[in-house]
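Engineer: Got a predicted structure plus its sequence, pasted below:
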Amino acid sequence: MTEPPKKGALISESWLSLGVLTRAELKSALLAVFGFPFVKSDIQHLWEEGLSHQRPPFTPPGLSKEVFRAIVRRRERLISSFDRSFRAFSALDRHSRGFLLLDDIECAMGEVCPAVKISAAEVFAAMDRGRAGRVTFTDFRLFIGEGAL
């Protein structure tokens, strides 16, 4: 008799018996592989994209090992193409949330350039394109790519 998987474990009954990952397991597996959490919209996009590539089409609900590997390969290529900006973003993301808050910018500016005249709030506002109160990696990459401020 097998034990039930521990809460938060990467390998669950669905993976062992059916050979598929659930959406929650996809989120945990991506965190384990990349070392940072993906935002909800990215998980949703990857989930839907993965399901559309399943073969055969009538598989149990979830992503197969092959589809998961393909997702990881594509994300690795994408991340490595933005490696420099990704490393800078990760350094600012002190809590590994996958996004930045004003507090993260204030802390970084306080450590690196405390005497600078522009405020952290101004920098954050320039980065936060969607005015969501948080800066995604895409927002950050666009900000540094434009040489804003």
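Structural biologist: The structure has been received and is ready for your questions.
Engineer: how much space between residue 53 and residue 46?
Structural biologist: 11 Å (CB to CB, to the nearest Å). Any C-beta I mention is one placed from the backbone N, CA and C, and that applies to glycine too.
Engineer: Counting neighbours, go ahead and name the busier of those two.
Structural biologist: Remark: of residue 53 and residue 46, residue 46 carries more neighbours, 22 against 12, as counted by other CB atoms under 10 Å.
Engineer: secondary structure element for that one?
Structural biologist: With elements taken from DSSP states H and E, the one containing residue 46 is helix 40-52.
Engineer: helices and strands around that helix, which ones?
Structural biologist: Under the contact definition 3 or more CB pairs under 8 Å, 6 or more residues apart in numbering; DSSP states H and E, helix 40-52 sits against helix 23-34, strand 63-64, helix 65-81.
Engineer: packing partners for the last one?
Structural biologist: Judged by 3+ CB pairs under 8 Å, 6+ apart, helix 65-81 is in contact with helix 23-34, helix 40-52.
Engineer: Any buried residues in the longest one, and which?
Structural biologist: By that I understand helix 40-52. Within helix 40-52, the residues that count as buried by 16 or more other CB atoms under 10 Å are 42-43, 46-47, 50.
Engineer: Over to the first one?
Structural biologist: The neighbour-count criterion (16+ other CB under 10 Å) identifies 23, 25-30, 34 as the buried residues of helix 23-34.
Engineer: How much space separates residue 30 from residue 52?
Structural biologist: Remark: distance between residue 30 and residue 52 (CB to CB) = 18 Å.
Engineer: do the same with residue 131
Structural biologist: Distance, residue 131 to residue 52, by CB to CB: 31 Å.
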